[in-house]
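*Asks:* build me a model:
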Amino acid sequence: MQDHVTPRRVVILGGGFAGLFAARALRKSPVAVTLVDRRAHHLFQPLLYQCASGILSEGQIAQPLRGVLRRHHNVRCVLAEATDVDADARLVHARRPDGADVALPYDDLIVAVGMRQSYFGHDEFAAHAPGMKTLDDALDIRRRIYRAFETAETTADDRERQQWLTFALVGGGPTGVELAGQIREIAGHTLEREFQKIDSAKARVLLFEGSDAVLGAFGPRPARRAARTLQGLGVELHLGTRVIDVRADGLTVQDHDGRTTRFEARTVLWTAGVEAPPIAAALARATGAEQDRAGRILVEPDLTVPGHPEIRVTGDVMSLNRLPGLAEVAMQSGAYAGRLVRHAVEGRTKEPKPFKYVDLGSAAYIARGRAVVKVGPLHLSGFTGWLAWLFIHLAFLTGFRSRLGAVLSWSVAFATGSRRERAFTMPDTDVSAARTAGPKAPEPP
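*Replies:* Predicted structure coming up:
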(Lines give C-alpha, C1' and ligand atoms only; values in the text may rest on other atoms or scores of the structure.)
Protein backbone atom coordinates (compact mmCIF):
# COMPACT_ATOMS: atom_id res chain seq x y z
CA MET A 1 0.00 0.00 0.00
CA GLN A 2 1.37 3.44 -1.01
CA ASP A 3 1.86 5.96 1.77
CA HIS A 4 2.02 8.90 -0.57
CA VAL A 5 0.49 10.13 -3.79
CA THR A 6 2.60 11.44 -6.64
CA PRO A 7 1.45 15.00 -7.37
CA ARG A 8 0.21 15.94 -10.80
CA ARG A 9 3.10 17.20 -12.94
CA VAL A 10 2.60 20.54 -14.65
CA VAL A 11 5.28 21.87 -17.01
CA ILE A 12 5.14 25.55 -17.98
CA LEU A 13 7.25 26.68 -20.92
CA GLY A 14 8.17 30.34 -20.53
CA GLY A 15 8.62 32.70 -17.59
CA GLY A 16 6.98 35.75 -19.15
CA PHE A 17 3.62 37.18 -18.15
CA ALA A 18 1.61 34.14 -19.24
CA GLY A 19 3.90 31.60 -17.60
CA LEU A 20 4.22 33.60 -14.40
CA PHE A 21 0.48 34.07 -14.00
CA ALA A 22 -0.12 30.38 -14.72
CA ALA A 23 2.35 29.43 -11.98
CA ARG A 24 0.73 31.87 -9.55
CA ALA A 25 -2.71 30.36 -10.22
CA LEU A 26 -1.32 26.97 -9.16
CA ARG A 27 0.37 28.20 -5.99
CA LYS A 28 -1.94 26.42 -3.53
CA SER A 29 -2.69 23.38 -5.67
CA PRO A 30 -1.30 19.90 -4.91
CA VAL A 31 0.73 19.85 -8.12
CA ALA A 32 4.44 19.81 -8.95
CA VAL A 33 5.14 22.71 -11.29
CA THR A 34 8.27 22.90 -13.44
CA LEU A 35 8.80 26.29 -15.08
CA VAL A 36 11.24 26.17 -17.98
CA ASP A 37 12.83 29.27 -19.48
CA ARG A 38 16.01 29.96 -21.40
CA ARG A 39 16.55 33.01 -19.18
CA ALA A 40 16.64 33.11 -15.39
CA HIS A 41 14.59 36.29 -15.11
CA HIS A 42 11.06 37.53 -15.62
CA LEU A 43 11.14 40.54 -17.95
CA PHE A 44 8.67 43.42 -17.93
CA GLN A 45 8.85 43.68 -21.70
CA PRO A 46 6.62 46.78 -22.17
CA LEU A 47 9.36 48.89 -20.53
CA LEU A 48 12.30 47.55 -22.53
CA TYR A 49 12.53 50.79 -24.49
CA GLN A 50 13.04 52.71 -21.21
CA CYS A 51 15.98 50.49 -20.40
CA ALA A 52 17.32 51.00 -23.93
CA SER A 53 17.01 54.78 -23.66
CA GLY A 54 18.60 55.04 -20.20
CA ILE A 55 15.62 55.87 -17.96
CA LEU A 56 15.44 52.53 -16.15
CA SER A 57 18.12 50.00 -15.30
CA GLU A 58 17.89 46.36 -16.28
CA GLY A 59 17.29 45.45 -12.63
CA GLN A 60 14.16 47.58 -12.56
CA ILE A 61 12.48 45.74 -15.43
CA ALA A 62 13.86 42.23 -14.85
CA GLN A 63 13.46 40.15 -11.69
CA PRO A 64 14.99 36.70 -11.02
CA LEU A 65 12.35 34.05 -11.58
CA ARG A 66 13.44 32.19 -8.47
CA GLY A 67 13.01 35.37 -6.46
CA VAL A 68 9.59 36.14 -7.90
CA LEU A 69 8.39 32.59 -7.19
CA ARG A 70 10.27 32.03 -3.93
CA ARG A 71 7.05 31.62 -1.94
CA HIS A 72 5.61 29.17 -4.45
CA HIS A 73 7.00 26.03 -2.83
CA ASN A 74 5.51 23.73 -5.46
CA VAL A 75 7.36 25.46 -8.33
CA ARG A 76 10.76 24.37 -9.61
CA CYS A 77 12.61 26.65 -12.07
CA VAL A 78 14.73 25.08 -14.79
CA LEU A 79 17.14 27.13 -16.89
CA ALA A 80 16.84 25.51 -20.32
CA GLU A 81 15.38 26.05 -23.77
CA ALA A 82 12.53 23.79 -24.85
CA THR A 83 13.40 22.17 -28.18
CA ASP A 84 10.74 19.50 -28.78
CA VAL A 85 7.57 17.91 -27.45
CA ASP A 86 6.66 14.21 -27.48
CA ALA A 87 2.89 14.44 -27.17
CA ASP A 88 2.40 10.66 -27.02
CA ALA A 89 4.93 10.09 -24.23
CA ARG A 90 4.06 13.46 -22.63
CA LEU A 91 7.64 14.62 -22.54
CA VAL A 92 9.24 18.00 -23.14
CA HIS A 93 12.80 17.92 -24.42
CA ALA A 94 14.96 20.87 -23.45
CA ARG A 95 18.57 21.95 -23.75
CA ARG A 96 20.50 23.30 -20.79
CA PRO A 97 23.05 26.16 -21.11
CA ASP A 98 25.90 23.62 -21.16
CA GLY A 99 24.36 21.92 -24.19
CA ALA A 100 23.11 18.85 -22.33
CA ASP A 101 19.60 17.62 -23.04
CA VAL A 102 16.99 17.09 -20.37
CA ALA A 103 13.60 15.35 -20.61
CA LEU A 104 10.72 16.69 -18.51
CA PRO A 105 7.60 14.51 -18.10
CA TYR A 106 4.25 16.21 -17.71
CA ASP A 107 0.60 15.51 -17.04
CA ASP A 108 -0.34 19.04 -18.08
CA LEU A 109 1.64 21.31 -20.37
CA ILE A 110 1.17 25.08 -20.51
CA VAL A 111 2.98 26.72 -23.41
CA ALA A 112 3.80 30.38 -22.79
CA VAL A 113 6.92 30.92 -24.87
CA GLY A 114 5.97 34.29 -26.37
CA MET A 115 7.14 35.53 -29.75
CA ARG A 116 10.44 36.67 -31.20
CA GLN A 117 11.43 39.40 -33.66
CA SER A 118 10.56 38.78 -37.31
CA TYR A 119 12.41 40.25 -40.28
CA PHE A 120 9.84 38.91 -42.77
CA GLY A 121 12.24 36.51 -44.42
CA HIS A 122 15.24 38.86 -44.35
CA ASP A 123 17.16 37.61 -41.36
CA GLU A 124 20.28 39.24 -42.78
CA PHE A 125 18.85 42.59 -41.66
CA ALA A 126 19.37 41.59 -38.01
CA ALA A 127 23.12 42.24 -38.14
CA HIS A 128 22.52 45.93 -38.85
CA ALA A 129 19.05 46.45 -37.34
CA PRO A 130 18.59 44.81 -33.92
CA GLY A 131 15.10 44.16 -32.62
CA MET A 132 13.91 44.71 -29.07
CA LYS A 133 12.42 41.60 -27.48
CA THR A 134 15.01 40.70 -24.84
CA LEU A 135 17.13 42.39 -22.18
CA ASP A 136 20.23 41.81 -24.30
CA ASP A 137 18.49 43.61 -27.18
CA ALA A 138 17.73 46.63 -24.99
CA LEU A 139 21.32 46.89 -23.77
CA ASP A 140 22.60 46.55 -27.34
CA ILE A 141 20.28 49.34 -28.50
CA ARG A 142 21.39 51.55 -25.59
CA ARG A 143 24.99 51.04 -26.68
CA ARG A 144 24.17 51.88 -30.29
CA ILE A 145 22.23 55.05 -29.43
CA TYR A 146 24.83 56.64 -27.17
CA ARG A 147 27.74 55.35 -29.25
CA ALA A 148 26.31 57.17 -32.26
CA PHE A 149 26.56 60.57 -30.56
CA GLU A 150 30.05 59.83 -29.25
CA THR A 151 31.27 58.74 -32.68
CA ALA A 152 29.71 61.76 -34.39
CA GLU A 153 31.64 64.02 -31.99
CA THR A 154 35.00 62.67 -33.19
CA THR A 155 34.20 62.27 -36.89
CA ALA A 156 35.87 64.77 -39.23
CA ASP A 157 33.80 63.99 -42.33
CA ASP A 158 30.52 65.97 -42.45
CA ARG A 159 28.61 63.30 -44.34
CA GLU A 160 29.66 60.55 -41.96
CA ARG A 161 28.81 62.76 -38.98
CA GLN A 162 25.27 63.24 -40.29
CA GLN A 163 24.96 59.49 -40.79
CA TRP A 164 25.82 58.93 -37.14
CA LEU A 165 23.30 61.58 -36.13
CA THR A 166 20.50 59.91 -38.09
CA PHE A 167 18.41 57.22 -36.40
CA ALA A 168 16.00 55.08 -38.41
CA LEU A 169 13.28 52.99 -36.77
CA VAL A 170 11.30 50.39 -38.68
CA GLY A 171 7.78 49.84 -37.36
CA GLY A 172 5.17 52.30 -36.13
CA GLY A 173 3.63 50.21 -33.38
CA PRO A 174 3.95 51.04 -29.66
CA THR A 175 7.62 50.04 -29.44
CA GLY A 176 8.65 52.06 -32.49
CA VAL A 177 6.66 55.11 -31.41
CA GLU A 178 7.96 54.97 -27.85
CA LEU A 179 11.57 54.50 -28.89
CA ALA A 180 11.40 57.27 -31.51
CA GLY A 181 10.09 59.71 -28.91
CA GLN A 182 12.80 58.70 -26.46
CA ILE A 183 15.63 59.22 -28.95
CA ARG A 184 14.33 62.71 -29.72
CA GLU A 185 14.26 63.48 -26.00
CA ILE A 186 17.81 62.18 -25.61
CA ALA A 187 19.00 64.33 -28.49
CA GLY A 188 17.12 67.47 -27.53
CA HIS A 189 17.27 67.39 -23.73
CA THR A 190 19.45 64.70 -22.15
CA LEU A 191 22.59 65.44 -24.19
CA GLU A 192 22.03 69.17 -24.53
CA ARG A 193 25.33 71.09 -24.24
CA GLU A 194 27.34 67.95 -23.45
CA PHE A 195 29.30 67.95 -26.72
CA GLN A 196 31.68 70.55 -28.17
CA LYS A 197 31.61 69.78 -31.90
CA ILE A 198 28.08 68.51 -32.53
CA ASP A 199 24.63 69.84 -31.73
CA SER A 200 22.80 66.74 -30.51
CA ALA A 201 19.44 68.49 -30.95
CA LYS A 202 19.96 68.39 -34.72
CA ALA A 203 19.88 64.61 -34.78
CA ARG A 204 17.28 63.18 -37.16
CA VAL A 205 14.88 60.46 -36.12
CA LEU A 206 13.09 58.69 -39.00
CA LEU A 207 10.15 56.38 -38.35
CA PHE A 208 9.07 54.02 -41.15
CA GLU A 209 5.68 52.30 -41.09
CA GLY A 210 4.10 50.11 -43.76
CA SER A 211 0.53 51.21 -43.08
CA ASP A 212 -0.89 54.71 -43.29
CA ALA A 213 -0.80 55.44 -39.54
CA VAL A 214 1.33 54.92 -36.46
CA LEU A 215 -0.34 53.08 -33.59
CA GLY A 216 -2.97 51.90 -36.03
CA ALA A 217 -4.30 49.31 -33.56
CA PHE A 218 -5.27 52.11 -31.16
CA GLY A 219 -7.84 53.52 -33.57
CA PRO A 220 -7.90 56.63 -35.80
CA ARG A 221 -8.14 59.33 -33.14
CA PRO A 222 -5.29 58.12 -30.86
CA ALA A 223 -3.22 57.43 -33.97
CA ARG A 224 -3.63 61.01 -35.18
CA ARG A 225 -2.74 62.38 -31.75
CA ALA A 226 0.36 60.20 -31.57
CA ALA A 227 1.44 61.35 -35.04
CA ARG A 228 1.03 65.01 -34.09
CA THR A 229 3.00 64.51 -30.89
CA LEU A 230 5.82 62.74 -32.70
CA GLN A 231 6.01 65.40 -35.37
CA GLY A 232 6.01 68.08 -32.69
CA LEU A 233 9.05 66.39 -31.16
CA GLY A 234 10.79 66.42 -34.53
CA VAL A 235 10.30 62.79 -35.56
CA GLU A 236 10.04 62.40 -39.35
CA LEU A 237 7.22 60.01 -40.25
CA HIS A 238 7.45 57.94 -43.44
CA LEU A 239 4.15 56.12 -43.73
CA GLY A 240 3.20 53.61 -46.39
CA THR A 241 6.79 52.46 -46.82
CA ARG A 242 8.33 48.99 -46.84
CA VAL A 243 11.98 48.37 -46.03
CA ILE A 244 13.66 46.30 -48.75
CA ASP A 245 17.32 46.59 -47.74
CA VAL A 246 19.32 47.35 -44.59
CA ARG A 247 23.06 47.89 -44.49
CA ALA A 248 25.61 49.28 -42.06
CA ASP A 249 25.24 52.81 -43.43
CA GLY A 250 21.47 52.99 -43.97
CA LEU A 251 18.36 51.45 -45.45
CA THR A 252 16.31 51.43 -48.63
CA VAL A 253 12.52 51.72 -48.56
CA GLN A 254 9.81 51.31 -51.16
CA ASP A 255 6.49 53.17 -51.20
CA HIS A 256 3.09 52.01 -52.42
CA ASP A 257 3.88 53.18 -55.96
CA GLY A 258 7.06 51.09 -56.12
CA ARG A 259 9.46 54.04 -55.84
CA THR A 260 12.59 53.32 -53.81
CA THR A 261 14.49 55.77 -51.64
CA ARG A 262 17.81 55.37 -49.86
CA PHE A 263 18.32 56.88 -46.39
CA GLU A 264 21.75 57.13 -44.84
CA ALA A 265 21.75 56.22 -41.14
CA ARG A 266 24.33 54.46 -39.02
CA THR A 267 21.75 53.39 -36.41
CA VAL A 268 18.80 51.34 -37.67
CA LEU A 269 16.46 49.75 -35.12
CA TRP A 270 13.84 47.13 -35.99
CA THR A 271 10.52 47.22 -34.15
CA ALA A 272 8.26 45.66 -36.81
CA GLY A 273 6.84 42.17 -36.85
CA VAL A 274 7.00 39.07 -34.66
CA GLU A 275 7.09 35.33 -35.28
CA ALA A 276 6.76 32.24 -33.13
CA PRO A 277 9.92 30.55 -31.83
CA PRO A 278 10.92 27.10 -33.14
CA ILE A 279 9.27 25.25 -30.25
CA ALA A 280 5.86 26.30 -31.62
CA ALA A 281 6.56 24.49 -34.88
CA ALA A 282 7.78 21.47 -32.92
CA LEU A 283 4.55 21.44 -30.92
CA ALA A 284 2.50 21.71 -34.09
CA ARG A 285 4.33 18.72 -35.60
CA ALA A 286 3.84 16.69 -32.44
CA THR A 287 0.12 17.40 -32.07
CA GLY A 288 -1.06 18.18 -35.59
CA ALA A 289 -2.08 21.66 -34.49
CA GLU A 290 -2.48 24.40 -37.06
CA GLN A 291 -0.37 27.56 -37.13
CA ASP A 292 -1.18 30.98 -38.50
CA ARG A 293 1.12 33.02 -40.76
CA ALA A 294 3.25 34.16 -37.83
CA GLY A 295 3.54 30.63 -36.45
CA ARG A 296 1.05 31.03 -33.60
CA ILE A 297 -0.81 27.89 -32.49
CA LEU A 298 -4.55 27.82 -33.18
CA VAL A 299 -6.33 26.78 -29.99
CA GLU A 300 -9.80 25.83 -28.80
CA PRO A 301 -11.91 28.33 -26.79
CA ASP A 302 -10.49 26.80 -23.57
CA LEU A 303 -6.93 27.36 -24.92
CA THR A 304 -6.28 23.65 -25.43
CA VAL A 305 -4.68 22.21 -28.54
CA PRO A 306 -7.29 20.29 -30.59
CA GLY A 307 -7.18 16.63 -29.62
CA HIS A 308 -4.86 17.28 -26.67
CA PRO A 309 -6.81 18.54 -23.64
CA GLU A 310 -3.65 18.25 -21.52
CA ILE A 311 -1.84 20.96 -23.57
CA ARG A 312 -2.78 24.63 -23.32
CA VAL A 313 -1.22 27.47 -25.28
CA THR A 314 -1.27 30.96 -23.80
CA GLY A 315 -0.02 34.49 -24.38
CA ASP A 316 1.43 35.84 -27.60
CA VAL A 317 2.03 32.40 -29.15
CA MET A 318 -1.66 31.42 -29.06
CA SER A 319 -4.00 32.26 -31.92
CA LEU A 320 -7.59 32.83 -30.78
CA ASN A 321 -10.16 35.33 -32.05
CA ARG A 322 -7.39 37.60 -33.35
CA LEU A 323 -6.41 38.63 -29.85
CA PRO A 324 -3.49 41.08 -29.87
CA GLY A 325 -0.06 40.30 -28.51
CA LEU A 326 -0.42 42.39 -25.36
CA ALA A 327 0.82 41.83 -21.83
CA GLU A 328 -2.77 41.88 -20.56
CA VAL A 329 -3.74 39.04 -22.91
CA ALA A 330 -0.77 37.02 -21.68
CA MET A 331 -1.60 37.64 -18.01
CA GLN A 332 -5.25 36.73 -18.36
CA SER A 333 -4.70 33.66 -20.55
CA GLY A 334 -1.92 32.35 -18.28
CA ALA A 335 -4.07 32.76 -15.18
CA TYR A 336 -6.99 31.09 -16.99
CA ALA A 337 -4.88 28.07 -18.00
CA GLY A 338 -3.55 27.70 -14.47
CA ARG A 339 -7.04 27.85 -12.98
CA LEU A 340 -8.31 25.13 -15.33
CA VAL A 341 -5.50 22.82 -14.27
CA ARG A 342 -6.28 23.60 -10.63
CA HIS A 343 -9.97 22.86 -11.17
CA ALA A 344 -9.11 19.54 -12.82
CA VAL A 345 -6.93 18.56 -9.85
CA GLU A 346 -9.77 19.49 -7.50
CA GLY A 347 -12.04 17.13 -9.41
CA ARG A 348 -14.43 19.69 -10.82
CA THR A 349 -16.46 18.16 -13.62
CA LYS A 350 -18.33 21.25 -14.77
CA GLU A 351 -17.55 22.26 -18.35
CA PRO A 352 -15.19 25.25 -18.20
CA LYS A 353 -16.28 28.54 -19.66
CA PRO A 354 -14.40 29.64 -22.78
CA PHE A 355 -11.56 32.07 -22.28
CA LYS A 356 -12.82 35.63 -22.48
CA TYR A 357 -10.37 38.48 -22.69
CA VAL A 358 -11.25 41.62 -20.74
CA ASP A 359 -9.76 44.56 -22.63
CA LEU A 360 -8.00 46.82 -20.14
CA GLY A 361 -6.87 49.21 -22.85
CA SER A 362 -3.66 50.09 -24.64
CA ALA A 363 -1.05 52.69 -23.78
CA ALA A 364 2.03 54.18 -25.41
CA TYR A 365 4.49 56.57 -23.75
CA ILE A 366 5.88 59.06 -26.28
CA ALA A 367 7.77 61.70 -24.28
CA ARG A 368 7.87 63.42 -20.89
CA GLY A 369 4.30 64.15 -19.87
CA ARG A 370 2.93 62.84 -23.15
CA ALA A 371 1.31 59.48 -23.74
CA VAL A 372 -1.61 57.97 -25.62
CA VAL A 373 -4.04 55.69 -23.78
CA LYS A 374 -7.10 53.87 -25.11
CA VAL A 375 -9.48 52.16 -22.70
CA GLY A 376 -12.67 51.12 -24.47
CA PRO A 377 -14.37 54.29 -25.72
CA LEU A 378 -12.14 56.45 -23.52
CA HIS A 379 -9.17 58.08 -25.27
CA LEU A 380 -6.55 59.98 -23.27
CA SER A 381 -3.50 61.86 -24.48
CA GLY A 382 -1.00 64.46 -23.32
CA PHE A 383 -0.37 64.80 -19.60
CA THR A 384 -3.63 63.04 -18.62
CA GLY A 385 -2.66 60.12 -20.80
CA TRP A 386 0.78 60.07 -19.21
CA LEU A 387 -0.70 59.85 -15.71
CA ALA A 388 -2.91 56.96 -16.81
CA TRP A 389 0.10 55.26 -18.42
CA LEU A 390 2.05 55.71 -15.17
CA PHE A 391 -0.69 54.11 -13.07
CA ILE A 392 -1.11 51.15 -15.45
CA HIS A 393 2.59 50.30 -15.53
CA LEU A 394 3.10 50.69 -11.80
CA ALA A 395 0.20 48.33 -11.20
CA PHE A 396 1.81 45.55 -13.22
CA LEU A 397 5.51 45.99 -12.37
CA THR A 398 6.73 42.92 -10.51
CA GLY A 399 8.13 43.51 -7.04
CA PHE A 400 8.16 46.44 -4.59
CA ARG A 401 11.77 47.25 -5.44
CA SER A 402 10.90 47.57 -9.12
CA ARG A 403 7.97 49.90 -8.41
CA LEU A 404 9.92 52.13 -6.04
CA GLY A 405 12.96 52.30 -8.30
CA ALA A 406 10.83 53.08 -11.34
CA VAL A 407 9.03 55.91 -9.55
CA LEU A 408 12.33 57.48 -8.50
CA SER A 409 13.81 57.14 -12.00
CA TRP A 410 10.69 58.52 -13.67
CA SER A 411 10.65 61.44 -11.22
CA VAL A 412 14.24 62.38 -12.08
CA ALA A 413 13.70 61.96 -15.82
CA PHE A 414 10.44 63.90 -15.80
CA ALA A 415 11.73 66.76 -13.66
CA THR A 416 15.15 67.23 -15.23
CA GLY A 417 15.24 65.38 -18.54
CA SER A 418 18.36 63.52 -17.38
CA ARG A 419 18.86 59.77 -17.60
CA ARG A 420 20.80 57.96 -14.93
CA GLU A 421 21.25 54.68 -16.81
CA ARG A 422 23.46 55.75 -19.70
CA ALA A 423 26.38 53.41 -19.07
CA PHE A 424 27.39 51.24 -21.98
CA THR A 425 30.43 49.21 -22.91
CA MET A 426 32.29 48.80 -26.17
CA PRO A 427 33.78 45.48 -27.26
CA ASP A 428 37.54 45.17 -26.91
CA THR A 429 38.56 45.34 -30.57
CA ASP A 430 42.02 43.92 -29.92
CA VAL A 431 40.63 40.90 -28.11
CA SER A 432 37.88 40.45 -30.72
CA ALA A 433 40.40 40.59 -33.55
CA ALA A 434 42.66 38.08 -31.80
CA ARG A 435 39.77 35.68 -31.28
CA THR A 436 38.72 36.01 -34.91
CA ALA A 437 42.25 35.45 -36.16
CA GLY A 438 42.76 32.40 -33.96
CA PRO A 439 46.01 31.29 -32.34
CA LYS A 440 49.13 33.03 -33.54
CA ALA A 441 51.47 30.88 -35.62
CA PRO A 442 54.86 30.23 -33.98
CA GLU A 443 57.72 32.25 -35.38
CA PRO A 444 60.36 30.30 -37.27
CA PRO A 445 63.56 29.72 -35.35
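
*Asks:* wait, what's in contact with the most centrally placed residue in the chain?
*Replies:* Taking C-alpha atoms, centre = their mean, the centroid of the chain lies closest to Lys133, which sits 3.3 Å from it. Shown in contact with Lys133 (C-beta atoms under 8 Å, 6 or more residues apart in numbering): Gln45, Leu48, Gly114, Met115, Arg116, Gln117, Val274. Using the backbone N, CA and C atoms, a C-beta is placed for each residue, glycine as well.

*Asks:* just give me the closest of those residues to Gln182.
*Replies:* The closest of those to Gln182 turns out to be Leu48 (C-beta to C-beta; 11.1 Å).

*Asks:* OK, contacts around the closest one?
*Replies:* Ile61, Met132, Lys133, Thr134, Leu135, Asp137, Ala138, Thr175.

*Asks:* can I get those residues in TSV with pLDDT, distance to Val243 and secondary structure?
*Replies:* Shown next, in TSV, are the contacts of Leu48 (pLDDT from 0 to 100; distance: C-beta to C-beta, whole Å; DSSP: H, G, I helix; E, B strand; the rest coil):
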residue	pLDDT	distance to Val243	secondary structure
Ile61	87	28	helix
Met132	93	16	coil
Lys133	93	18	coil
Thr134	94	21	coil
Leu135	94	25	helix
Asp137	94	18	helix
Ala138	94	21	helix
Thr175	93	16	helix
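
*Asks:* about what we covered before: nearest to Val68, of the contacts of Lys133?
*Replies:* Scanning the contacts of Lys133 for proximity to Val68, where the rule is C-beta to C-beta, the winner is Gln45, at 14.7 Å.

*Asks:* would you confirm that the closest one contacts Ala327?
*Replies:* Yes: the criterion here is C-beta atoms under 8 Å, and Gln45 meets it with Ala327 at 6.9 Å.

*Asks:* which neighbours do these two share?
*Replies:* Joint contacts of Gln45 and Ala327 (C-beta under 8 Å, 6+ apart) are Phe17.

*Asks:* of the contacts of Leu48, which is the nearest to Gln291?
*Replies:* Lys133 (19.2 Å).

*Asks:* for Gly325, see how far away the closest one is.
*Replies:* 11 Å (C-beta to C-beta, to the nearest Å).

*Asks:* mind listing the shared neighbours of those two?
*Replies:* Met115, Val274.

*Asks:* and Glu236, what does it touch?
*Replies:* Arg204, Val205, Leu206, Leu207.

*Asks:* what mean pLDDT does whichever strand or helix holds the second one get?
*Replies:* Spelled out, it's Val205. Element membership for Val205 (DSSP states H and E) is strand 204-209. If you average the pLDDT over strand 204-209, you get 97.

*Asks:* how about stretch 329-348?
*Replies:* pLDDT averaged over stretch 329-348 gives 94.

*Asks:* repeat for stretch 271-291
*Replies:* 96.

*Asks:* one more: stretch 244-259?
*Replies:* So the average pLDDT for stretch 244-259 ends up being 95.

*Asks:* for Ala129, see how far away Arg266 is.
*Replies:* 11 Å.

*Asks:* which residues do those two both contact?
*Replies:* Joint contacts of Arg266 and Ala129 (C-beta under 8 Å, 6+ apart) do not exist.

*Asks:* who's in contact with stretch 273-282?
*Replies:* 13, 81-85, 111, 113-120, 133, 171, 291, 294-297, 316-317, 325.

*Asks:* from one end of that stretch to the other, what's the distance?
*Replies:* 21 Å (C-alpha to C-alpha, to the nearest Å).

*Asks:* could I get the buried residue list for it?
*Replies:* Gly273, Val274, Glu275, Ala276, Pro277, Ile279, Ala280, Ala282 (16 or more other C-beta atoms under 10 Å).

*Asks:* next one: stretch 302-312
*Replies:* Under 16+ other C-beta under 10 Å, the buried positions of stretch 302-312 are Asp302, Leu303, Thr304, Val305, His308, Glu310, Ile311, Arg312.

*Asks:* pull the residues that contact it.
*Replies:* By C-beta under 8 Å, 6+ apart, stretch 302-312 touches 87, 90, 106-111, 283, 287-289, 297-300, 313-314, 318, 320, 333, 336-337, 340-341, 352, 354-355.

*Asks:* report the buried members of those.
*Replies:* Using 16+ other C-beta under 10 Å, the buried ones in these are 87, 90, 106-111, 283, 287, 289, 297, 299-300, 313-314, 318, 320, 333, 336-337, 340-341, 355.

*Asks:* poorly predicted segments of the chain, please.
*Replies:* Applying pLDDT under 70 to the chain picks out residues 1-5, 394-407, 410-417, 428-445.
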